[in-house]
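**Q** my questions concern the predicted model and sequence given below.
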Amino acid sequence: MTPEAMPSLRSQVRDAVEAAWQIARTELTPADGAPAAEPVTIERPADAARGDFASATALRLAKPYRRAPLQLAQAIAAHVVTTATDPNSPIASVEVAPPGFLNIRLSDGVLAAATGRILADPATWGRVTVAKPERINVEFVSANPTGPLHIGNARGAFTGDLLCRVLSAAGHTVTREYYFNDFGSQVKNLGASVLAIRQGCDLPEDGYRGDYVYEMEKEMPAAVLTEAEQPGEEPSWTVGRWASEQVRSGIEASLEHLGCHFDVWRSESTLHKDGWVAKAIERLKAAGDVYEEDGAVVFRSTKFGDDKDRVILRSTGDSAPTYFAADIGYLVEKFSRGYQRIVFIWGEDHHGYVARVKAAAESLGFDRDQVQMILTAWVRFVRDGKEISMSKRSGDFITLDELLGEIGVDAARWFFASRAPSSGIDFDIELAKKQSAENPVYYVQYAHARIASILRKAEESGMKLPAAGDPRLTELLAGVLPGAPEALLARQIVRLPEIVEDAAAEEETLGITAYATDLATTFHAFYRDARVIDADEPDRSAARLALIAATKITLANALGLLGITAPEQM
RNA sequence: GCGCCCGUAGCUCAGUGGAUAGAGCGCCAGGUUGCGGACCUGGAGGUCGUGGGUUCGAGUCCCGCCGGGCGCGCCA
């Protein structure tokens, strides 16, 4: 399989400081209470001139250990192993700065080694392995197949896709899942709408009237109509099922076009047919968490923190299960596939459902934290200062395909990747079109293409990089790293794994877009300050070529995490 | 009314309780006898909605208020 992911340099530094602290603490006693479980933290200093990493550990430990922070910092620093005593240490130096910070500098050796490793194994560069890899199911989009995806679905699609990419890169095993409803009355309405057009009648009051409905009517095979006219089921259902499958496969095509691939497409009707809903209700009953009221069967979700209990079997009609009952059945079905964690990407208008679904998970015997909801804030789509309403029934909406025709997939991906899911967005279509040309994504892609161009030029002039794994490579790099342009670029490149760690932990991709932009900026400055191709300085040229080749891989992998292309030229 | 989310530069947005609050866009002033000028350098621009509190330290945590969004179905 894939070679082992390299731990971030930050975690290596943390381990080194942690080891030093463990020695230093034997000379100290805590004042009272237990010391912090994770006393050593490592961060990036606000000012890069202070060093590669910083730690405020001594400041935090000062009180529990009743020591002056400065004194504690010195005690820790004294025990940190640096290259002075061990040439293999990643740390070149540790300095103590008032009021008690540790400022840490990486060694050229570890930078050279990391750069060499990037060239030797580009595919796994940036991948990390979290402490506890999990099997995770992520369900997103899940728009009902009654109409094409509109721009309101964009955020869920990108947020879910980005999350899956990041979780995978951090070592989790991820299944991407789409749930769609082919059981509710909307499907019948869709069918009735198609039939009404065919028969020249007025559309039903709550029918669908978008252009796509008329197109489906034209394309409907005769066989569908023949089947619909058979005795038994109402024709609207038969036609509706056919129509919704047309819509569903159109949705799938749109999503693939966006780079959002789904592993599993699951329909509500199969959950009922395969008995998962019934099974779930039995389990809730067995747990003693249901009761009957006014002829309905109710789940006692308040026992697990919900505001009110929820009906799962209706009192009306044929005691049909509610939509929520199907959700619970789905939960049972998903857990039966062995996932440790089940994630839902929902619009924030669904936040009221969080408590009941978590309650169901708990009643079923799972940990409520195994079920996780990520809520995306509302996107207000605006054109000329007016909000665009989005209604499938009225047919008044802008499809996702139309939007992406105007601003491009890479620009749209970057737009959503660089915003926290929880922040509300005003998306002005006209502004977005104008700004898409100035989207920072092109700045990053340009850096990548520029490097590709230099590498092509180098090859034409017969210059070659030392082969990956050649010890001469590390030697050449170490020779050049004391130089300022090289030192800055190398330090920026090697951060990728820690950026991925943070993105996976925070389940956001903001940090990746910021990092990619920083790396591009650092490269452009390097380009300005350091001539790469120089026949008079073959060793230096080779080392610089190696550095920019590693930069190119890092840019491509960072963009890849966002599902964005890294062009060789533009 | 109750609950959840949000309020940071002109605009769009960052900012795991740590050092002088940042980026992009926009605006102003500059930069190339050389590997891609879709680039680079510098500048202006902030009562972090507001009032208290917690502590060595608060944009960040707690409480109140103001403003905006969303939700409170035997719909899906």
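**A** That came through fine.
**Q** so which bits of the host helix or strand of A:Ala192 are buried?
**A** Taking DSSP states H and E as the criterion, A:Ala192 maps to helix A:185-199. By neighbour count with 16 or more other Cβ atoms under 10 Å, helix A:185-199 contains the buried residues A:Gln186, A:Val187, A:Lys188, A:Asn189, A:Leu190, A:Gly191, A:Ala192, A:Ser193, A:Val194, A:Leu195, A:Ala196, A:Ile197. (C-beta placed from N, C-alpha, C; glycine too.)
**Q** considering only the residues you listed, which also neighbour RNA strand B?
**A** The overlap between the buried residues of helix A:185-199 and the neighbours of RNA strand B (Cβ under 7 Å from any atom of the strand) comes to A:Gln186.
**Q** got a markdown table for the buried residues of helix A:185-199, with pLDDT and distance to A:Arg450 too?
**A** Listed next are these as a markdown table, based on pLDDT from 0 to 100; distance: Cβ to Cβ, whole Å:
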| residue | pLDDT | distance to A:Arg450 |
| --- | --- | --- |
| A:Gln186 | 86 | 51 |
| A:Val187 | 89 | 52 |
| A:Lys188 | 89 | 56 |
| A:Asn189 | 90 | 54 |
| A:Leu190 | 93 | 50 |
| A:Gly191 | 93 | 55 |
| A:Ala192 | 92 | 57 |
| A:Ser193 | 93 | 53 |
| A:Val194 | 94 | 53 |
| A:Leu195 | 93 | 58 |
| A:Ala196 | 93 | 58 |
| A:Ile197 | 94 | 54 |
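**Q** of the buried residues of helix A:185-199, which is the nearest to RNA strand B?
**A** A:Gln186 (5.7 Å; Cβ to the nearest atom of the strand).
**Q** ok, the nearest residue to that closest one once chain neighbours are set aside - contacts?
**A** Spatially, and ignoring its direct neighbours in sequence, A:Gln186 is nearest to A:Thr146 (5.1 Å; Cβ to Cβ, 6 or more residues apart in numbering). Contact partners of A:Thr146, counting by Cβ atoms under 8 Å, 6 or more residues apart in numbering, are A:Gln186, A:Val187, A:Asn189, A:Leu190, A:Tyr208, A:Ser244, A:Val247, A:Lys392.
**Q** in a helix, A:Gln372, correct?
**A** No. Under the criterion used here (DSSP: H, G, I helix; E, B strand; the rest coil), A:Gln372 is strand, not part of a helix.
**Q** do I have it right that it meets A:Gln340?
**A** No. Counting by Cβ atoms under 8 Å, A:Gln340 is not a contact partner of A:Gln372; they are 11.0 Å apart.
**Q** and the one residue in the stretch 251-400 of chain A that gets nearest to RNA strand B, how close does it get to A:Leu163?
**A** Residue of the stretch 251-400 of chain A nearest RNA strand B, by Cβ to the nearest atom of the strand: A:Gly352 (2.7 Å). Taking Cβ to Cβ, to the nearest Å as the measure, A:Gly352 falls 22 Å from A:Leu163.
**Q** more neighbours, those two?
**A** A:Leu163 (24 against 10; other Cβ atoms under 10 Å).
**Q** is the more buried one in contact with A:Val138, as I believe?
**A** Yes. Using Cβ under 8 Å, A:Leu163 makes contact with A:Val138 at a distance of 6.1 Å.
**Q** what residues do those two have in common as contacts?
**A** A:Val343, A:Ile345.
**Q** center of chain A - which residue?
**A** For chain A, the residue sitting closest to the mean C-alpha position, by Cα atoms, centre = their mean, is A:Leu163 at 1.9 Å.
**Q** per-residue confidence at it?
**A** The model reports A:Leu163 with a pLDDT of 95.
**Q** state the helix or strand in which it lies.
**A** Judged by DSSP H and E, A:Leu163 forms part of helix A:154-169.
**Q** ok, for A:Gln340, nearest residue in space, not its chain neighbours?
**A** A:Gln340's closest residue in space is A:Glu134 (Cβ to Cβ, 6+ apart), at 4.2 Å.
**Q** does the nearest residue to A:Arg127 once chain neighbours are set aside sit in a helix, a strand or a coil?
**A** Excluding its sequence neighbours, the residue lying closest to A:Arg127 (Cβ to Cβ, 6+ apart) is A:Ala5, at 4.4 Å. With three-state DSSP as the basis, A:Ala5 sits in coil.
**Q** tally of neighbours for A:Ala5?
**A** 19.
**Q** that one touches A:Ser168, doesn't it?
**A** No. Applying Cβ under 8 Å as the test, A:Ala5 and A:Ser168 come out as separate, 11.5 Å apart.
**Q** now the residue nearest to A:Gln340: how far from A:Leu163?
**A** From A:Glu134 to A:Leu163 the distance is 13 Å (Cβ to Cβ).
**Q** same question for A:Lys464.
**A** Applying Cβ to Cβ to A:Lys464 and A:Leu163 gives a distance of 40 Å.
**Q** same check, this time on A:Gly563
**A** Applying Cβ to Cβ to A:Gly563 and A:Leu163 gives a distance of 11 Å.
**Q** looking at chain A, which helix or strand is least sure?
**A** Every helix and strand in chain A was compared by mean pLDDT, DSSP states H and E; the lowest is strand A:386-387, with a mean of 66.
**Q** what's the angle from the helix or strand just after that strand to helix A:154-169?
**A** Downstream of strand A:386-387, the next assigned helix or strand under DSSP H and E is helix A:400-407. Counting by axes from the mean of the first three to the mean of the last three Cα atoms, to 10 degrees, helix A:400-407 lies at 80 degrees to helix A:154-169.
**Q** so the residue of chain A positioned farthest from its centre, which of the three states?
**A** Centroid-distance maximum for chain A: A:Pro231 at 48.9 Å, with Cα atoms, centre = their mean. The three-state label given to A:Pro231 by three-state DSSP is coil.
**Q** hang on, the residue nearest to A:Gln340 packs against A:Thr175?
**A** No. With contact defined as Cβ under 8 Å, A:Glu134 does not count as touching A:Thr175 (11.3 Å).
**Q** mutual contacts of these two, please.
**A** A:Tyr339.
**Q** next helix or strand past the helix holding A:Ala192?
**A** Following helix A:185-199 in sequence, per DSSP H and E, is helix A:211-219.
**Q** list the buried residues of whichever helix or strand comes after the helix holding A:Leu163.
**A** As assigned by DSSP H and E, the chain's next helix or strand after helix A:154-169 is strand A:173-180. Neighbour counts using 16+ other Cβ under 10 Å place A:Val174, A:Thr175, A:Arg176, A:Glu177, A:Tyr178, A:Tyr179, A:Phe180 of strand A:173-180 among the buried residues.
**Q** so what secondary structure elements neighbour strand A:173-180?
**A** strand A:135-139, helix A:154-169, strand A:264-267 (3 or more Cβ pairs under 8 Å, 6 or more residues apart in numbering; DSSP states H and E).
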